[in-house]
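Q: Turn this into a model:
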Amino acid sequence: MLKLGFVIGTRPETIKCALPIIEIRKDERFDPILISTGQHDEMLYSTLSVAAADFNQDGKLDFATIAYSVPNHFVAKQARIVVHLNQIK
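A: Here you go, the predicted structure:
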């Protein structure tokens, strides 16, 4: 089974990814993994619960801070991301 990781942080990302994630879950060849950046956790759950009541977050990266830029945070947290992804089984 091939694992596919979806890193989602904002409401628009969640809305755009919800249907592809749901469709991929139907295919036995794939195991979709949902990872939250921590930006809008409450919204992520409420948006996905409308689309898939049993959808759980598989991990949380905690990128969210008051002022951040994705490229800078990615570089700063790259090692942590790799460790987190290696822990997903």
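Q: residues of stretch 21-36 that come out buried?
A: 21, 24, 31, 32, 33, 34, 35, 36 (16 or more other CB atoms under 10 Å). In this view, the C-beta of every residue, glycine as well, is placed from N, C-alpha and C.
Q: pretty sure the last one is touching residue 13, no?
A: When you say that, I think you mean residue 36. No - taking CB atoms under 8 Å as the definition, residue 36 is not a contact partner of residue 13, at 10.1 Å.
Q: Could you pull up the mean pLDDT of stretch 33-41?
A: Mean pLDDT, stretch 33-41: 75.
Q: Export that stretch to PDB, keeping only CA atoms.
A: Coordinates of each C-alpha in stretch 33-41 appear next as PDB, following Å, rounded to 0.1, in the frame of the first residue of the first chain:
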ATOM      1  CA  ILE A  33      -1.900  10.500   5.600                       C
ATOM      2  CA  LEU A  34      -3.300  13.800   6.800                       C
ATOM      3  CA  ILE A  35      -0.800  16.200   8.500                       C
ATOM      4  CA  SER A  36      -1.800  19.500   9.900                       C
ATOM      5  CA  THR A  37       0.600  22.500  10.000                       C
ATOM      6  CA  GLY A  38      -1.300  23.700  13.000                       C
ATOM      7  CA  GLN A  39      -2.500  26.900  11.400                       C
ATOM      8  CA  HIS A  40      -6.200  26.300  11.700                       C
ATOM      9  CA  ASP A  41      -6.800  23.100  13.500                       C
END
